[in-house]
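Colleague: model the following, please.
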Amino acid sequence: MAFSAAAFEYARDKVAHSWDAQDRRVTVSASDTLREHVGLCYCKAHLLTALLRAEGVPAGLCYQRLTDDGESFYVHGLVAVFLEGSWHRLDPRGNKPGVDAQFSLEVERLAWPMRPEMGEVDYPDLFIWPHPAVVAALTQATDMLALCANGLPSTL
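Modeller: Residues are numbered from 1 along each chain as shown. Predicted coordinates:
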């Protein structure tokens with residue numbers, strides 16, 4: 001479990017979130033994200049999943065549909081890890097004021113609490129590979145900030 005916690009903290013803290021850092025570089029894969037030390041939540045999730053799997057820890061990708069205003073939605077990427085006999089979701093997005101994602105197997109400590117009354121959704125599926133809608137958005141992007149402003153997937 002120590003490796004899993006350290007890998008989570010690395011992806012969360014040592015890889016900048018593109019929007020927070022106002023970094024336009026486009027990353028998609030775990031290797032892109034590791035090389036550039038920047039990426040959106042999806043990319044940071046790709047990296048964490050790859051790090052965990054490289055050490056034999058079962059991990060996959062999962063997603064949420066979130067909103068800031070109740071009208072426009074975006075898909076947010078997370079990681080699920082199998083530790084101590086069950087699956088646990090982790091959010092390597094990166095902390096900032098108002099966001100406090102933590103490594104926890106007892107209680108989920110994701111970046112944002114779910115608000116179903118606003119139409120937010122926890123997608124129940126665990127993906128082996130990144131969802132095609134996420135891959136398409138990332139691979140078609142030429143500017144990560146423009147993607148954040150206009151082109152994040154709104155649903156799976």
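
Colleague: which residue comes closest to W19 once chain neighbours are left out?
Modeller: C148 (4.9 Å; Cβ to Cβ, 6 or more residues apart in numbering). In this view, the C-beta of every residue, glycine as well, is placed from N, C-alpha and C.

Colleague: that neighbour touches S18, doesn't it?
Modeller: Yes. If you go by Cβ atoms under 8 Å, C148 and S18 touch, sitting 7.0 Å apart.

Colleague: find residues that contact each of these two.
Modeller: Common contact partners of C148 and S18 (Cβ atoms under 8 Å, 6 or more residues apart in numbering): L40.

Colleague: more neighbours: the two, which one.
Modeller: Counted by other Cβ atoms under 10 Å, C148 and S18 do not tie: S18 has more neighbours, with 26 against 17.

Colleague: what comes into contact with stretch 12-20?
Modeller: With contact meaning Cβ under 8 Å, 6+ apart, stretch 12-20 is reached by 23-25, 27, 33-34, 37-41, 43-44, 47, 91-96, 101, 144-145, 148.
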